[in-house]
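Student: predicted model and sequence follow; I will ask about them next.
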Amino acid sequence: MKLSAREIAAHLNGEVEGNPDVTASGFARIEQGTQGTLCFLANPKYEEYLYKTGADIVIANKTFKLRQPVACTIVWVDDAYRGIATLLDVYATLNVVQKTGREFPSRVAWSAKVGKKCYIGAFAYIAKGAKVGNNVKIFPRVYIGNNATVGDNCILYPGATVYSGCHVGRSCILHAGAVVGSDGFGFAPDENKKYKKIPQIGNVIIEDDVELGANTCIDRATMGSTIIRSGVKLDNMVHIAHNVEIGKNTVMAALTGIAGSSKVGEGCMFGGQSGIIGHLTVGNNVSLTARAGVSSNIKDGETHMGFPNMPISSYRRSHVVFKSLPDLQKKVLQLERELSELKNK
Amino acid sequence: MKLSAREIAAHLNGEVEGNPDVTASGFARIEQGTQGTLCFLANPKYEEYLYKTGADIVIANKTFKLRQPVACTIVWVDDAYRGIATLLDVYATLNVVQKTGREFPSRVAWSAKVGKKCYIGAFAYIAKGAKVGNNVKIFPRVYIGNNATVGDNCILYPGATVYSGCHVGRSCILHAGAVVGSDGFGFAPDENKKYKKIPQIGNVIIEDDVELGANTCIDRATMGSTIIRSGVKLDNMVHIAHNVEIGKNTVMAALTGIAGSSKVGEGCMFGGQSGIIGHLTVGNNVSLTARAGVSSNIKDGETHMGFPNMPISSYRRSHVVFKSLPDLQKKVLQLERELSELKNK
Amino acid sequence: MKLSAREIAAHLNGEVEGNPDVTASGFARIEQGTQGTLCFLANPKYEEYLYKTGADIVIANKTFKLRQPVACTIVWVDDAYRGIATLLDVYATLNVVQKTGREFPSRVAWSAKVGKKCYIGAFAYIAKGAKVGNNVKIFPRVYIGNNATVGDNCILYPGATVYSGCHVGRSCILHAGAVVGSDGFGFAPDENKKYKKIPQIGNVIIEDDVELGANTCIDRATMGSTIIRSGVKLDNMVHIAHNVEIGKNTVMAALTGIAGSSKVGEGCMFGGQSGIIGHLTVGNNVSLTARAGVSSNIKDGETHMGFPNMPISSYRRSHVVFKSLPDLQKKVLQLERELSELKNK
């Protein structure tokens, strides 16, 4: 792929500032850009690199104001991040090895159905009654259990596991070690305080366009289904407990955990290591900062922080005082002394 | 399975309210119950659904008081959660495919011993000197290392790994990706601050009736054994470091981490994302809230919260004030002003 | 291996107190030491066991002062922990089974290159163009992707995955389920708030002497490389996001997460469940306590705690007051009352 600034601008509906005929054949981060490469600038933190990058072309947000002359050609666009995504996509499509066919040894049960143009890697296992759609890439060491289904255009990376009876929609990506359908964590203590396992006879339903990070785990429901709606993106090592429902286009960063039976709305964004305790309802478009721990329901559109969770502005105001608590305490002691003196006068 | 309310009541030692002859053939969550299904109500949060569920039979705790008429038949029991567990168990036993036999390719060393009625899935690996008991289900892609042992009636789901020399007791369940016996995290810095690995020559001993969630990791001891006592249940992605000992019937929710050489008592319940630093002793029947971070020993029966950990009631009282710290600060400043005015009068 | 106290002292440049001719043939923890075993004492918490251990030889730090007579022979050394590491190393070298050769079925692409004296376990997969050095141990179920490289003397335990195009240096250890090169978590929302994947076309570069714990995940860069410098040690289930760089000899305990594009210096020590948000810079020799959550840059040599992070001494002073906040609040209310009375007199 070799594109000129003019072609890129046409592709992204942008405007060229500088030489429109300069070309780029690769991508780089703006701080590492070299001749022949294309970079992007979306985060103001990186503005300084715009003036010293060695890249030939930089895609930048129209909202930026140049404060110095630049050596590179700039393509101004509405959303540089989305623009680069579009170009990367073109690049990725052109460069990905489009593997198809079956490697051996691998195991596909007689009663399993596999669609057209699929890749099945060595040591993959597709159990009885499982159904795999068209154009699916099943890397080595993937396990798809009895009667599980995987929709068209999915990619299952090495070691991903889909337990029996679980459903993965179309165009989903499961990274290495992701687990779909392990038993929910349900036990009932007997009279001797020994825990008896509650059989988990439900399943997991994952809709379309969902991405699960490496080693992320989604437990099957006790009864009914744990549901991950379309467009959800979960980072590495996220834990979704039994009977949880995650709404459309919600994203969660790594090491986040959602406890049993909680319901999370659409369009939410959760920071890393955040968590939600069980049996709660979190509305649509809710944001959690990193490490927020939610112990009460949250309404649509709010942003929360801390544990137990508080609205972010409240938390921050309290935390400012927390930082100077020893001073506050000293003041109170001083006041006590002064007041006592005054009274005894 | 098709059971009448009368039969269920007999089975669970309960009392029928409504038509004792109505039958159910499946399970559902109370909010999703439809004709022919059986639900349970144990958590008061879900009481509203009791009045509008479409289920034919609901198993409920005797302690509930009906506040409206209901359409379904109720079976009143002492403990609805345990009751449903009993019924689910019957159901699970009737429905589980009782796989046995060996699939190929799989690898079992000549010197390994495998008991009767086992299932060994394709791509499973049982190394030299390993011993597997009777009626064990070893799913595809499981690895059992040299001289490791796995007791009767265990289930090892796809991708579970037992390192060499580790022992898993009877009736244990290891979910997909669980790791038993990875090296403890032990290093000694040399004069150049480079870390030298301390060989981890101990092992892991897991007693009976233990369940390990998906991708949970238990490190082997530096010397001696990391010990998981019988009846322990660990959720997904729990980390147990080297030389830890976890007492009988202790349960830990997802993403919890126990650092090296700490000892946890029996009957403890730890919330998700909680943790314990190294070389501590936590007593029996200790509860930790979600995200509690323990940095000091805890006595039997206490419940702790926060980091550094505090008794839950203390933490909560402090947190209430934390939420209004800006107000407290204002009051102190106001007091300072007023006192100063008073003194200067 | 059977060594006398005299030989051990010679080996570790230590001094014998007691019978120099007593021998030990195995290692034990000091609280579990029995006849014929060798223990060490580095942590003062375990001093009591020195007086009652059944071990024949104890290696102890010169800085300890005996407060009671002991039955065992002591070898006084500068650093008992390092000393035992040296001896364990000797022991490990003598006892490790030095596996080599290839087990079947395993899959090595024609265009892949594998060095001398390697072990390739059954069900391992080495893809096209991959290069594996000499003396590498590739356990069963390991996956090495297209054009990935693994240096000399590495050990990849069962189920470790190296995605295409990633590089692992020499003498690295990847524990079971570790993932190198899964996609970075990068998405751009479209006009309908649906997320579009940003192709992650970078890779991961791991230098020499790095150890990755079980189920630890390192994401590939969007562009360029996620970099793990030599000597880095990561515990179980650590998350390293795209475009992060971790400096030499930095160690991180379990369940820690480093968000995208952050840069961590050399010689840092991070406690368990700690974390760093994206796009930050953390200096050299920085320490984080367990659960520290870093949301601002940190300078060389500092130790931080809490979230948002504070210098440890500040955090501790504030936390002391936090613990007694209800008292502080009472005092303020009392002051308000008294002042009001005084003014109204």
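Tutor: Yes, it's here. Numbering: from 1, shown residues only, chains lettered A, B, ... in the order given.

Student: and stretch A:263-271, C-alpha only, in CSV?
Tutor: The C-alpha trace of stretch A:263-271 is given here as CSV (Å, rounded to 0.1, in the frame of the first residue of the first chain):
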residue,chain,number,x,y,z
LYS,A,263,-27.2,-5.8,34.7
VAL,A,264,-25.1,-3.2,32.8
GLY,A,265,-26.6,-0.8,30.3
GLU,A,266,-25.6,0.2,26.8
GLY,A,267,-22.7,2.4,25.8
CYS,A,268,-20.9,2.2,29.2
MET,A,269,-17.2,2.7,29.6
PHE,A,270,-15.5,1.0,32.6
GLY,A,271,-11.8,1.7,33.5
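
Student: does chain B sit close to that stretch?
Tutor: No: judged by C-beta under 8 Å from any C-beta of the partner chain, stretch A:263-271 stays clear of chain B, getting no closer than 10.6 Å. From N, CA and C alone the C-beta is placed, and that goes for glycine too.

Student: okay, domains of chain A per the record?
Tutor: Here the domain assignment for chain A is A:3-95, A:101-311, based on automatic domain parsing.

Student: weakest of these in terms of mean pLDDT?
Tutor: Per-stretch mean pLDDT for the domains of chain A is lowest at domain A:3-95 (a mean of 85).

Student: picking that back up, quick check: which of the domains of chain A is buried the most?
Tutor: For the domains of chain A, average neighbour numbers computed from mean count of other C-beta atoms under 10 Å in any protein chain shown are highest in domain A:101-311, which has a mean of 23.

Student: ends of that one, what's the gap?
Tutor: Criterion C-alpha to C-alpha, to the nearest Å; first-to-last residue distance in domain A:101-311 is 52 Å.

Student: distance to chain C added to the domains of chain A, as CSV?
Tutor: As requested, these are arranged in CSV below (distance: least, C-beta to the nearest C-beta, whole Å):
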stretch, distance to chain C
domain A:3-95, 4
domain A:101-311, 4
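
Student: could these be laid out in a markdown table, adding distance to residue C:224?
Tutor: Shown next, in a markdown table, are these (distance: least, C-beta to C-beta, whole Å):
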| stretch | distance to residue C:224 |
| --- | --- |
| domain A:3-95 | 5 |
| domain A:101-311 | 19 |
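
Student: for residue C:299, find the nearest of the ones you listed.
Tutor: domain A:3-95 (18.3 Å; C-beta to C-beta).

Student: now do the closest one: distance to the chain's middle.
Tutor: Computed by C-alpha atoms, centre = their mean, to the nearest Å, the chain-centroid distance of domain A:3-95 equals 25 Å.

Student: likewise stretch A:246-254?
Tutor: 6 Å.

Student: what's the answer for stretch A:262-276, then?
Tutor: 11 Å.

Student: now the end-to-end length of it.
Tutor: Using C-alpha to C-alpha, one end of stretch A:262-276 lies 8 Å from the other.

Student: so residue A:248 touches residue A:230, yeah?
Tutor: Yes: the pair residue A:248 / residue A:230 is scored as a contact, 5.5 Å apart, by C-beta atoms under 8 Å.

Student: what is in contact with these two at once?
Tutor: Both residue A:248 and residue A:230 are in contact with residue A:207, where contact means C-beta atoms under 8 Å, 6 or more residues apart in numbering or on different chains.

Student: so what's residue A:240 closest to, chain neighbours aside?
Tutor: Once flanking residues are discounted, residue A:240 sits nearest to residue A:218: 4.4 Å by C-beta to C-beta, 6 or more residues apart in numbering or on different chains.

Student: so that neighbour bridges to which residues?
Tutor: residue A:180, residue A:240 (DSSP bridges).

Student: ok, it - contacts?
Tutor: So residue A:218 contacts A:179, A:180, A:181, A:182, A:204, A:206, A:212, A:226, A:228, A:240 (C-beta under 8 Å, 6+ apart).

Student: who touches the third one in this structure?
Tutor: By that I understand residue A:181. A:145, A:148, A:161-166, A:203-204, A:218-220.

Student: dump the residues you listed to a markdown table, plus distance to residue A:111 and secondary structure.
Tutor: Output for the contacts of residue A:181, formatted as a markdown table (distance: C-beta to C-beta, whole Å; DSSP: H, G, I helix; E, B strand; the rest coil):
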| residue | distance to residue A:111 | secondary structure |
| --- | --- | --- |
| A:145 | 13 | coil |
| A:148 | 12 | coil |
| A:161 | 20 | strand |
| A:162 | 16 | strand |
| A:163 | 17 | coil |
| A:164 | 13 | coil |
| A:165 | 14 | coil |
| A:166 | 17 | coil |
| A:203 | 19 | strand |
| A:204 | 21 | strand |
| A:218 | 25 | strand |
| A:219 | 26 | strand |
| A:220 | 22 | coil |
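
Student: now the longest helix seen in chain A: buried residues?
Tutor: Under DSSP state H, the helix in chain A containing the largest number of residues is helix A:325-343. Within helix A:325-343, the residues scored as buried using 16 or more other C-beta atoms under 10 Å in any protein chain shown are A:325, A:328, A:329, A:331, A:332, A:335, A:336, A:338, A:339.

Student: with distance to residue C:13 as extra columns, can I get the contacts of residue A:218 in CSV?
Tutor: Formatted as CSV, those follow (distance: C-beta to C-beta, whole Å):
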residue, distance to residue C:13
A:179, 50
A:180, 55
A:181, 56
A:182, 51
A:204, 59
A:206, 60
A:212, 53
A:226, 59
A:228, 59
A:240, 54
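
Student: endpoints of stretch A:181-191, how far apart?
Tutor: Per C-alpha to C-alpha, stretch A:181-191 runs 30 Å from first to last residue.

Student: from residue C:223, how far off is the closest residue to residue A:33 other than its chain neighbours?
Tutor: Spatial nearest neighbour of residue A:33, excluding adjacent residues (C-beta to C-beta, 6+ apart): residue A:55 at 2.8 Å. Using C-beta to C-beta, to the nearest Å, we find residue A:55 at a distance of 11 Å from residue C:223.

Student: cool, and residue A:13?
Tutor: Taken as C-beta to C-beta, the span from residue A:13 to residue C:223 is 23 Å.

Student: pLDDT and distance to residue B:287 for the buried residues of helix A:325-343 - can I get that in a markdown table?
Tutor: Below are those laid out as a markdown table (pLDDT from 0 to 100; distance: C-beta to C-beta, whole Å):
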| residue | pLDDT | distance to residue B:287 |
| --- | --- | --- |
| A:325 | 96 | 28 |
| A:328 | 95 | 32 |
| A:329 | 95 | 30 |
| A:331 | 94 | 37 |
| A:332 | 94 | 33 |
| A:335 | 92 | 39 |
| A:336 | 91 | 37 |
| A:338 | 91 | 44 |
| A:339 | 89 | 42 |
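
Student: now narrow those residues to whatever sits close to chain C.
Tutor: A:325, A:328, A:329, A:332, A:335, A:336, A:339.

Student: contacting residues for residue A:255?
Tutor: A:235, A:236, A:237, A:238, A:272, A:273, B:255, C:237, C:239, C:255, C:257, C:275.

Student: err, residue A:219, not the other one
Tutor: Residue A:219 touches A:181-185, A:200, A:204, A:226, A:240-242, B:214, B:236, counting by C-beta under 8 Å, 6+ apart.

Student: before we move on, what about residue A:215?
Tutor: A:175-179, A:236-237, B:177, B:215, B:237, C:177, C:179, C:215, C:217, C:237.

Student: what do residue A:55 and residue C:223 both touch?
Tutor: Residues touching both residue A:55 and residue C:223 (C-beta under 8 Å, 6+ apart) are residue A:28.

Student: what residues are up against residue A:37?
Tutor: Here residue A:37 is in contact with A:24, A:25, A:26, A:27, A:28, A:54, A:55, A:56, A:57 (C-beta under 8 Å, 6+ apart).

Student: my bad, should have said residue A:208
Tutor: Counted by C-beta under 8 Å, 6+ apart, residue A:208 has contacts A:151, A:169, A:170, A:171, A:172, A:230, A:231.

Student: nearest residue to the fourth one other than its sequence neighbours?
Tutor: Meaning residue A:171. Residue A:171 sits nearest to residue A:153 (C-beta to C-beta, 6+ apart), 4.5 Å away.

Student: quick one: the one you found is in a strand?
Tutor: No: according to DSSP: H, G, I helix; E, B strand; the rest coil, the state of residue A:153 is coil, so it is not within a strand.
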